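[1] Sequence isn't available, so here's the structure alone:
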């Protein structure tokens, strides 16, 4: 068996040369790109971990903020509820007060209205009563229309104070005696006697018949009237009835 | 194959230096491998394509095998073990090309490969443990073992050479005999078997080389200054 030492040497060199060539063109480039990928992967993982940590922190912050928001929401709701309750209470109180005022006003108005109605009815009843009385008294006998009123006239004149009497005396020329009908001589003399007994007049006082008196003798001047008639009495009665709230 | 299969045929001569045919075939294989490596690694990207993925799979598998055997960073040993595997595999499968005889079917090629492994074992052993440390490994577990360890260094290298040579040469031999006796298509199954044998032998040679280096490196670890070599140097 022949061993080719030249071939052995060539092959040994070939192996070493191939090692260098493959190291340069195969193993190192491929190992480098693998290392680059591993580095990129590591960086990506580190960035992902960092992002994860940031996300965890952000999540915690968001949770805290959410809790704060929820708490604030509850506080706002509670405040709003209390305010609403207060407003409701105020509104109800105001409504009750308004209703009470309305009821009171309505009651007052109704009472006033009833009072007005009642007064109107009373006035009407008084007028009716006076009218009825006046109608009834219109049928009085003629002597009853004057009889007794001369004494009442004298009493009324005597009841005057000095100033009133003095005013009548000063106006004696303009005094006139109003009667429900023309007087006969006796009745006129009785009336004149009552006048002259209390006033400083000596002349005759003109007589002025007025059926509206119904009955009585009234002395009328420029400055006043001495009421002494049934008509005046009825008017006073009617006024008193209306004023005193009695029919 | 008219002559002895053990004889090396001279392709040409460079003056007084004869250049054997197996050397020429080896050059051709080297050229193809380098061209392929250059073309495939010309545009490497982080986003790898199919071809780049195959290359990366080769390198990562290689690193995994080395790391499993040596228990250290595989970068310092990657070039040696990877080159041995690729060269032996390519040389074994060169028999598929008609008229080409695998360089590993000749003892000179296998001897050269085994010699490189032998030298690398000593180199890595001294680099990891120092000269004295490496020499002390021969006295383990006891100084009585020194002769046996010294003989083992020679015999295991010799067995590495003979194993590869015997397997590849026998395959070529059998195919040649069957081809001469049976006809054109009959050796095809045997050629397929020869492909499997060639791949297995390449793997065995590379793994045994790694194991020998791992035994030399021992507990000393990777060579200093090379532990983090990721191939980024020039």
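    Good, I have the coordinates. Since we're looking at a predicted model, the values are computed, not measured. Numbers count the residues shown, from 1 in each chain, chains lettered A, B, ... in the order given.
[2] residue contacts, residue B:114?
    For residue B:114, the contacting residues are B:157, B:158, B:160, B:161, B:164, by Cβ atoms under 8 Å, 6 or more residues apart in numbering or on different chains. C-beta here means a position set from N, CA and C on the backbone, and glycine is covered the same way.
[3] quick one, domains of chain A?
    For chain A, automatic domain parsing gives the domain ranges A:1-137, A:142-243.
[4] Okay, now the unreliable bits of chain A?
    Applying pLDDT under 70 to chain A flags residues A:1, A:244-247.
[5] Which helix or which strand is home to residue 101?
    No chain in the question, so chain A it is. helix A:28-137 (DSSP states H and E).
[6] Which helix or strand lies directly C-terminal to that helix?
    Next along the chain after helix A:28-137, taking DSSP H and E as the criterion, comes helix A:142-146.
[7] Any idea how far that following helix is from the middle of the chain?
    On the basis of Cα atoms, centre = their mean, to the nearest Å, helix A:142-146 sits 61 Å off its chain's mean C-alpha point.
[8] Flag every buried residue along it.
    Across helix A:142-146, burial judged by 16 or more other Cβ atoms under 10 Å in any protein chain shown covers A:145, A:146.
[9] which helices and strands does it pack with?
    Judged by 3 or more Cβ pairs under 8 Å, 6 or more residues apart in numbering or on different chains; DSSP states H and E, helix A:142-146 is in contact with no other helix or strand.
[10] going on from that helix, what's the next piece of helix or strand?
    Criterion used, DSSP H and E; the element after helix A:142-146 is helix A:149-158.
[11] Tell me, how many residues neighbour residue 79?
    Let's take chain A. Per other Cβ atoms under 10 Å in any protein chain shown, the neighbour tally for residue A:79 reads 10.
[12] other chain: chain B
    By other Cβ under 10 Å, 22 other residues sit near residue B:79.
[13] Serialize the domains of chain A to a markdown table and add fields for distance to residue B:123.
    Shown next, in a markdown table, are the domains of chain A (distance: least, Cβ to Cβ, whole Å):
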| stretch | distance to residue B:123 |
| --- | --- |
| domain A:1-137 | 12 |
| domain A:142-243 | 149 |
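[14] so what's the residue lying closest to residue B:137 once chain neighbours are set aside up against?
    Closest residue in space to residue B:137, ignoring its immediate chain neighbours: residue B:218 at 6.0 Å, by Cβ to Cβ, 6 or more residues apart in numbering or on different chains. When the contact criterion is Cβ under 8 Å, 6+ apart, the partners of residue B:218 are B:125, B:128, B:129, B:137.
[15] in chain B, which ranges drop under the pLDDT threshold?
    Scanning chain B for pLDDT under 70 picks out the ranges B:1-6, B:219-234.
[16] Torsion angles phi and psi at residue A:159?
    The phi/psi pair for residue A:159 (degrees, to the nearest 10) reads phi -80, psi -10.
[17] Also residue B:183?
    Dihedral pair for residue B:183: phi 140, psi -170, per degrees, to the nearest 10.
[18] Quick one: neighbours of residue B:197, just the number.
    16.
[19] Can you tell me how far it is from residue B:167?
    Distance from residue B:197 to residue B:167, counting by Cβ to Cβ, to the nearest Å: 6 Å.
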